[in-house]
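Fold the stuff below for me.
(one chain, ligands or ions: 1)
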Amino acid sequence: MTVAVVPSILKWTGSKRSQAGQIARLAPAHDRYFEPFVGGGAVLYHLARQGAQASDLYAPLIGFWTMVRDEPQVLIADYADQWRRLQDDLPGYFYAVRTRFNAEHRPTDLNFLMRTCVNGIVRFSQAGDFNNSFHLSRKGMLPSRFEKAVRAWSARIQGVAFVVRDYREALAQARPGDFVYLDPPYAGNHQRYIGGIDEAALFAALEDLNRRGVTWALSFDGQRGETVYRAAVPADLYRRRLSLVSGNSAVAKVLNGPIEKVSEALYLSW
Ligand SMILES: C[S@@+](CC[C@H](N)C(=O)[O-])C[C@H]1O[C@@H](n2cnc3c(N)ncnc32)[C@H](O)[C@@H]1O
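Reported below is the predicted structural model:
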């Protein structure tokens, strides 16, 4: 079953929230669903089923998802508590939590920072520290709204395994009949993610999936305005290439640049 809107729980950079329904509708019938670059999990929201495997290299993010699944009440209460502290100490409390997060990497602190930082965009320094600032004109998502989103997500992902691992380890688990959706970080955009990926290794991994009879879809070569971020995927790897329009770029908004249409290619192996 697909639903129209993914409740906003985590605005990860590169979120496929605006295209998730289209991508999910394209998915062929499958046994298990794999999402090896899960991030904010927009497509996962539609395709989550018993036996699905979601993974990411970024451990605090997987810690966050595990809490949504297993301890939604703890996460909801923590956010309500931190949000109240923030109202009493704006923006000092935000920066205190940011310092604590960079030392301890608590998933609850990642959640708090994501809800209250500028446009909710994740940004890391060279050293891997979360370095985005407080969103001065806002005071963070209201706890009541956050609670609704967490409850909707928690119900949805009960049967999903969340694992910290490299995408290649995840792909090694896939069997014929499984379906994999891949949404790797843009090349040359390292600052917005922990880790960057090597394109040749990615293409080799897709070739391996083809050899093993695993069906996949890949979001790739983002284009913003006139800027093309990537080269095309080798033509012998896929059967179809679709162009999905994903709306205005959150990054362009943050940089106060011109608002440009972002279109995103989706490559299908079938
Ligand atoms: C474009 S984001 C995914 C966004 C997601 N589709 C959404 O809707 O929010 C890419 C994700 O890949 C993760 N990542 C980067 N390198 C990775 C690797 N080698 N293996 C697994 N995950 C990786 C990043 O931490 C990030 O969460």
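
and the closest residue to R123 other than its chain neighbours, how many residues sit next to it?
Once flanking residues are discounted, R123 sits nearest to N132: 4.4 Å by C-beta to C-beta, 6 or more residues apart in numbering. In this view, the C-beta of every residue, glycine as well, is placed from N, C-alpha and C. Neighbourhood size, N132 [other C-beta atoms under 10 Å]: 21.

Assumed N132 was part of a strand.
No - looking at N132 with DSSP: H, G, I helix; E, B strand; the rest coil, it is coil, so not inside a strand.

I figured it was touching T116, is that so?
No - with contact defined as C-beta atoms under 8 Å, N132 does not reach T116; the gap is 9.6 Å.

Can you report how many residues neighbour V163?
Neighbour count for V163, taken as other C-beta under 10 Å: 16.

Is there proximity between the helix or strand where H46 lies and the ligand?
For H46, the host element (DSSP states H and E) is helix 42-47. Yes - using C-beta under 6 Å from any ligand atom, we find that helix 42-47 touches the ligand at A42.

next helix or strand past that helix?
Downstream of helix 42-47 (by DSSP H and E), the next one is strand 53-56.

The ligand contacts on this protein?
12, 14-16, 36-37, 39-42, 56-58, 166-167, 183-185, 193-195, 197.

Among the residues you listed, name the buried ones.
Among the residues of the chain next to the ligand, those classed as buried by 16 or more other C-beta atoms under 10 Å are 12, 14-16, 36-37, 39-42, 56-58, 167, 183-185, 193-194, 197.

Inside helices: which ones of these?
A42, Y167 (DSSP state H).

Among the buried ones among the residues of the chain next to the ligand, name the ones in strands.
D56 (DSSP state E).

Mind jotting down where the strands sit in this protein?
33-35, 53-56, 161-164, 179-182, 215-224, 227-228, 240-248, 261-268.

among those, which is nearest D70?
strand 161-164 (9.6 Å; C-beta to C-beta).

who does the closest one pair up with?
strand 53-56 (parallel) (DSSP bridges).

Run the chain-centre distance for the partner strand.
10 Å (C-alpha atoms, centre = their mean, to the nearest Å).

Equivalent analysis for stretch 112-132, please.
So, by C-alpha atoms, centre = their mean, the centroid of stretch 112-132 is 14 Å from its chain's centroid.

Kindly check the end-to-end length of it for me.
12 Å (C-alpha to C-alpha, to the nearest Å).

name the helices or strands packed onto the longest helix belonging to the chain?
Ordering each helix of the chain by length in residues (DSSP H) puts helix 72-88 first. Helices and strands touching helix 72-88, by 3 or more C-beta pairs under 8 Å, 6 or more residues apart in numbering; DSSP states H and E, are helix 59-70, helix 92-104, helix 107-116, helix 143-156.
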